[in-house]
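Chemist: predicted coordinates and the sequence they were generated for:
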Amino acid sequence: MTTANKLTLVRMALIPVFLGVLYAGFPGSTYVALAVFIIASLTDMLDGYIARHYNQITNFGKFMDPLADKVLVMAAMCWFVECGKMPGWVLAIVLLREFAVSGMRLVAVEQGRVIAAAWSGKIKTASTMVCLCLMMIDIPGWLVTACCVIIVVTTVYSGIEYFVKNRDVFQNVR
């Protein structure tokens, strides 16, 4: 197993730790959870760098890396919805985009094509992770709203871009 793949597995293993700390509710648990979330988020950047720089790109990594990102982000967003810090429709938009893009990728694979991550998707992931980190600390309500707007705008934009750039994937679908 490559170093990049091991980092992806570390990120997946940190997700239940992150949630467990959040739900434990001990004094300072939000800050400990924030630290775990930051570490998990940094493994995303690090494993991507290692995979590209040291030619460790694998089919496992192509599948698990984006899945680990999605699960980490969705876990945090579900917690924010439960706590009342994020409206459910924000989570619904993110889920819709993720399922739609994943579905398009599955159709493309059936055609022997791999749809690589676009820059807008990387920006969406990074900005979402930063916004979620900000939301874990005690910030004013207007900043929480701004974070939700940023998450929605980058999510919608990147989803539209994926479909526009890869619309030919659906031309031969029966």
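Modeler: The structure has been received and is ready for your questions.

Chemist: which parts of the chain are helices?
Modeler: 3-24, 29-53, 59-83, 88-110, 119-136, 141-165 (DSSP state H).

Chemist: and the second one, how far out from the chain middle?
Modeler: Centroid separation for helix 29-53 versus its chain: 11 Å, with CA atoms, centre = their mean, to the nearest Å.

Chemist: cool, and the shortest one?
Modeler: Here the centre of helix 119-136 is set off from its chain's centre by 8 Å, with CA atoms, centre = their mean.

Chemist: quick one: list the elements packing against it.
Modeler: helix 29-53, helix 59-83, helix 141-165 (3 or more CB pairs under 8 Å, 6 or more residues apart in numbering; DSSP states H and E). Bear in mind the C-beta positions are built from the backbone N, C-alpha and C, glycine included.

Chemist: got the buried residues for that helix?
Modeler: Neighbour counts over helix 119-136 (16 or more other CB atoms under 10 Å) mark 120, 121, 124, 125, 127, 128, 129, 131, 132, 133, 135, 136 as buried.

Chemist: looking at that helix now, give me its mean pLDDT.
Modeler: What helix 119-136 shows for mean pLDDT is 94.
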